[in-house]
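# next one to model:
(one chain, ligands or ions: 2)
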Amino acid sequence: MATSSLFNPTISFPSRNPKLQSTPKFRNPILRIPKATSDSSPSPPTNGSPPLSTLKNRRSADENIKDEARRHRAASGEDRSNFSAKYVPFNAGPDSTECYSLDEIVYRSRSGGLLDIQHDMEALKKYDGAYWRNLFDSRVGKTTWPYGSGVWSKKEWVLPEIDPDDIVSAFEGNSNLFWAERFGKQFLGMNDLWVKHCGISHTGSFKDLGMTVLVSQVNRLRKLKRPVVGVGCASTGDTSAALSAYCASAGIPSIVFLPANKISMAQLVQPIANGAFVLSIDTDFDGCMKLIREVTAELPIYLANSLNSLRLEGQKTAAIEILQQFDWGVPEWVIVPGGNLGNIYAFYKGFKMCQELGLVDRIPRLVCAQAANANPLYLHYKSGWKDFKAVKASSTFASAIQIGDPVSIDRAVYALQNSNGIVEEATEEELMDAMAQADSTGMFICPHTGVALTALIKLRNKGIIGPTDRTVVVSTAHGLKFAQSKIDYHSKEIPDMACQFANPPVQVKADFGSVMDVLKDYLLNKAPKSKVY
Ligand SMILES: Cc1ncc(COP(=O)(O)O)c(C=O)c1O
Ligand SMILES: N[C@@H](CCOP(=O)(O)O)C(=O)O
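Ligands and ions are numbered 1, 2, ... in the order given. The predicted structure is shown next:
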């Protein structure tokens, strides 16, 4: 066991009955030596920091961070067998005995339903909430393999049994939680509004969080000689970008099915550049999804869509991260744009695990926001959760959520019903205006985040979300991937849309007088955008 020091924080192991919100935080992780609660308690996971003796010196030139981590694991005798996880049917009753090892290739339960990953909660509960909070906090901001990743800093709750050597990570996660001060104040009269920028990430979307987990497990399966010749997905552009990047980094073939002419140029070029085998198919996302399911049932291609519950284990860490960024305080609301509907469940699962393991004492209310042009969940919610009907999704600027038959519908309904959740929708004009308004306050968000902001505006206007409610809007992709939608908006080139917040450039001749004229008009607040100077 490592010794306590400024740089080598061993982990505190406080009482099992913490007063959750009043427990002091370790802002500077000078942590105490852990005390087992009983003789039979397993040795606790460490934060992976090197022992004191090595800290003054850099690791030797011929050692990389994986070698270094391996050496420290061997020296500390770290035991990974404490924790485990397996596939079980999603929402199975207590009598169900059906389960599968994560080393099996299985996407569906025997009855054809969804699967979920179940952790050995009893083993995790041997450590109290304060212990886990301190452990996770101690790993932030380091380059220790693999804990420098926001996902793998929660490894015991994600894929506890994977060998760190098999992990494929770009140190994803730990994304900015942005205080939307001006947007909140100016447009909503809110003072505690936050945007979780999951799109400021390796491939520009939250998909990196799930893909690091899935591709790591594939890496392991291939080492175990399981029949996996490549990994495939259907995509509206972000899953394919993440899949191809993580596969390329591990040297694993990737195959992506894209709906022709329905994703942005920036998204299309991502898998092309990363060397994926790209199929542009003359159908929509739902058509691609059907095809990839059929193909992966026939060929040894591993399915990377969120139907595969491995993905959600990574995505749930964004929820844990939000709590961590609030010093383990719980926001009132979290708003997530929904398409194939894996992410809303991932958020629920992350929050719920934190509650069950004593890190927090409640979970936020969840809102799922859909584009009105692709709104099967919204219609289902409005019908009082009566029979679900898939829809034919129409074209939307929020193209990554143009999905009419979401594979995770059951997971989404469960998440919303168990979080006192709400579903909202946004028309094209609403989502584009919300995006433009947010951008005008210094953000540069994607249209999907515009959908989520529209939901916020509607719930705020109805008085459901209060002015002082701490609210987090999840931004799911980088705005730069969707620059064309902003160009269309600011050029006022969208049929039947007023584009009321458009800010087109002013055409001006290259002479001093013209430039002075335009600036005077501007400074006197009357520069007409259409005038040619
Ligand atoms: C940018 C973006 N936002 C939101 C979503 C919706 O996530 P989910 O499919 O998990 O509902 C997706 C993908 O579907 C996406 O790519
Ligand atoms: N927006 C997604 C759609 C597929 O979602 P997934 O989470 O099931 O992979 C994409 O970018 O492809």
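
# what does the stretch 251-400 of the chain put close to ligand 2?
305-306, 339-340, 342, 400 (C-beta under 6 Å from any ligand atom). Bear in mind the C-beta positions are built from the backbone N, C-alpha and C, glycine included.

# reformat those residues as JSON lines; add secondary structure and pLDDT.
Output for those, formatted as JSON lines (DSSP: H, G, I helix; E, B strand; the rest coil; pLDDT from 0 to 100):
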{"residue": "Asn305", "secondary structure": "coil", "pLDDT": "98"}
{"residue": "Ser306", "secondary structure": "coil", "pLDDT": "97"}
{"residue": "Gly339", "secondary structure": "coil", "pLDDT": "98"}
{"residue": "Asn340", "secondary structure": "coil", "pLDDT": "98"}
{"residue": "Gly342", "secondary structure": "helix", "pLDDT": "98"}
{"residue": "Ala400", "secondary structure": "helix", "pLDDT": "98"}
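
# so which bits of stretch 480-493 are buried?
481-482, 485-486, 488-490 (16 or more other C-beta atoms under 10 Å).

# can you name the residues that contact whichever residue of the stretch 151-300 of the chain sits closest to ligand 1?
Of all residues in the stretch 151-300 of the chain, Asp238 sits closest to ligand 1, at 3.5 Å by C-beta to the nearest ligand atom. By C-beta atoms under 8 Å, 6 or more residues apart in numbering, the residues touching Asp238 are 203-207, 267, 400, 476-477, 481.

# what's the closest non-adjacent residue to it?
In space, and not counting its chain neighbours, Asp238 is closest to Ser205: 3.8 Å by C-beta to C-beta, 6 or more residues apart in numbering.

# burial measure for the one you found, as a count.
27 (other C-beta atoms under 10 Å).

# go on, Asp128?
Using other C-beta under 10 Å, the number of residues around Asp128 comes to 19.

# gap between it and Asp405?
Asp128 is 43 Å from Asp405, where distance means C-beta to C-beta, to the nearest Å.

# cool, Ser514 as well?
Per C-beta to C-beta, Ser514 is found 55 Å from Asp405.

# neighbour count winner among the two?
Asp405 (19 against 14).

# list the residues that contact the more buried one.
286, 289, 376, 390-391.

# mind doing that once more with 7 Å?
Counting by C-beta atoms under 7 Å, 6 or more residues apart in numbering, Asp405 touches 286, 390.

# cool, Gly150 as well?
Listed by C-beta under 7 Å, 6+ apart, the contact set of Gly150 reads 172-174, 317, 321.

# now, these that are in helices?
317, 321 (DSSP state H).

# look up phi and psi at Ile301.
When read as degrees, to the nearest 10, the backbone of Ile301 gives phi -110, psi 130.

# where does Lys389 land in three-state SS?
Secondary structure, DSSP: H, G, I helix; E, B strand; the rest coil: Lys389 is coil.

# what about Gly48, distance to Pro364?
Using C-beta to C-beta, Gly48 is found at 30 Å from Pro364.

# cool, Lys481 as well?
Look at Lys481 and Pro364: by C-beta to C-beta, they are 27 Å apart.

# what's the answer for Ala426, then?
Applying C-beta to C-beta, the value for Ala426 to Pro364 is 20 Å.

# between the two, who's got more neighbours?
Taking neighbours as other C-beta under 10 Å, Ala426 and Pro364 compare with Ala426 leading, 32 against 25.

# how far away is that one from ligand 2?
Ala426 sits 16 Å away from ligand 2, going by C-beta to the nearest ligand atom, to the nearest Å.

# now that residue, nearest residue through space, not along the chain?
Thr454 (3.5 Å).

# confirm that neighbour sits in a helix?
Yes: assessed with three-state DSSP, Thr454 lies in a helix.

# please verify my assumption that Val413 contacts Lys386.
No: contact criterion C-beta atoms under 7 Å: Val413 and Lys386 do not qualify, at 11.3 Å.

# now do the contacts for Val140.
Going by C-beta under 7 Å, 6+ apart, Val140 touches 153, 174.

# which of the contacts of Gly150 has the largest number of neighbours?
Neighbours here mean other C-beta under 10 Å. Within the contacts of Gly150, the largest count is held by Thr317, at 30 neighbours.

# which ones are touching that one?
Counted by C-beta under 7 Å, 6+ apart, Thr317 has contacts 150-151, 154, 158, 173, 209, 350.

# one more time with 6 Å, if that's ok
The neighbours of Thr317, taking C-beta atoms under 6 Å, 6 or more residues apart in numbering as the test, are 150-151, 154, 173.
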